[in-house]
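Q: Sequence first, then the predicted structure, then my questions.
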Amino acid sequence: MSDRYRVRLAYDGTGFHGSQHQPDLRTVQGEVERTLQKLNWQGPSVLFAGRTDAGVHADGQVIAFDLVWNHTEKELTQALNAVLPQDISAVQVSRTTSDFHPRYDALFREYHYQILSSPNRDPLRERFVWRVWPQVNLRLMKRTSKFLVGSHDFAAFGNPHQPGGSTIRNITRAAWKKQGDLLVFEVVGNAFLYHMIRRIVMVVVKIGQGKEQPNIVKRYLSDPSGPPSQGLAPASGLTLKEVRYR
């Protein structure tokens with residue numbers, strides 16, 4: 001008889017076309033399911049807490065699947081990591097209830113976006129940051145991001161994953177902090193729209209560089225009629241850090 005397993009997954013998103021399965025493309029889901037098939041998994045698909053775009057990283061993605069496994073969770077962790085490719089790791093494995101769903105049971109998700117403000121490349125970190133120049137005004141970015149906290153219509157910053165879905169999201173934290181020579185944007189919310197965080201980061205960085213007015217974030221939230229014209233921050237700086245449950 002099978003049990004349902006909950007796994008915290010980490011991956012370097014650089015070599016993936018996102019987390020969700022796509023025919024003929026390398027995805028996180030595709031690699032995980034290929035690995036599980038070698039452990040005699042016969043399920044229809046692995047459940048994910050959320051989608052990540054191509055190039056986006058994770059060290060707190062949560063997945064779930066049903067598996068007949070007559071050994072310990074530790075041994076399953078070892079078995080998964082012995083077969084998974086080098087850019088994916090099963091961080092923690094535990095048995096869970098048969099009705100656990102990593103997406104629908106999630107209360108909040110936390111993402112971090114890392115910026116390196118430098119005129120010169122850093123080859124050892126470029127895959128995990130967005131390098132920006134001219135330098136940004138961190139104090140101004142902090143002040144601007146406070147407007148994001150609360151329940152708002154974020155239609156100007158992203159699209160729902162399902163056509164006609166709600167664009168209202170509840171953000172409980174949107175804060176910038178300095179970590180060494182990096183600037184890190186920590187954002188926590190009940191859910192996020194497609195491209196929402198990367199579009200927010202692009203707008204806030206433009207504000208920090210003096211290329212956009214500080215009140216524009218407030219304006220987009222009060223009149224979410226269309227997306228900002230600044231585009232998207234690169235996927236490389238974004239990491240799914242944690243999915244929280246009861």
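A: Looks like it came in fine.

Q: going forward, measure contacts and count neighbours with C-alpha atoms only.
A: OK.

Q: Would you tell me what the next helix or strand after the least confident helix or strand in the chain by mean pLDDT is?
A: None of the helices or strands of the chain scores lower by mean pLDDT, DSSP states H and E than helix 216-222, at a mean of 93. Helices and strands here follow DSSP states H and E; after helix 216-222, the next one along the chain is strand 238-244.

Q: per-domain residue ranges of this structure.
A: Following automatic domain parsing, the chain resolves into domains at 3-96, 108-244.

Q: Can you lay out these as a markdown table showing distance to Pro102 and mean neighbour count?
A: Converted to a markdown table, the domains of the chain look like this (distance: least, CA to CA, whole Å; neighbours: other CA atoms under 10 Å):
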| stretch | distance to Pro102 | mean neighbour count |
| --- | --- | --- |
| domain 3-96 | 4 | 18 |
| domain 108-244 | 8 | 18 |
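
Q: so what secondary structure elements neighbour the least confident helix or strand of the chain?
A: Helix 216-222 sits against strand 150-153, with contacts defined as 3 or more CA pairs under 8 Å, 6 or more residues apart in numbering; DSSP states H and E.

Q: For the strand it packs on, the averaged confidence score.
A: Strand 150-153 shows a mean pLDDT of 97.

Q: Let me see the residues that make contact with the least confident helix or strand of the chain.
A: Helix 216-222 is contacted by residues 144-145, 147-148, 152-154, 156, 203-204, 228 when judged by CA atoms under 8 Å, 6 or more residues apart in numbering.

Q: Could I get the residues you listed in JSON lines, plus columns for distance to Ala90?
A: Formatted as JSON lines, the contacts of helix 216-222 follow (distance: CA to CA, whole Å):
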{"residue": "Thr144", "distance to Ala90": "37"}
{"residue": "Ser145", "distance to Ala90": "33"}
{"residue": "Phe147", "distance to Ala90": "36"}
{"residue": "Leu148", "distance to Ala90": "33"}
{"residue": "His152", "distance to Ala90": "35"}
{"residue": "Asp153", "distance to Ala90": "35"}
{"residue": "Phe154", "distance to Ala90": "33"}
{"residue": "Ala156", "distance to Ala90": "35"}
{"residue": "Val203", "distance to Ala90": "34"}
{"residue": "Val204", "distance to Ala90": "34"}
{"residue": "Pro228", "distance to Ala90": "37"}
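
Q: Between those residues, which sits nearest Gly50?
A: Phe154 (18.0 Å; CA to CA).

Q: Report the contact partners of the closest one.
A: Contacts for Phe154 were tallied using CA under 8 Å, 6+ apart; they are 167-169, 193, 196, 220-221, 224.
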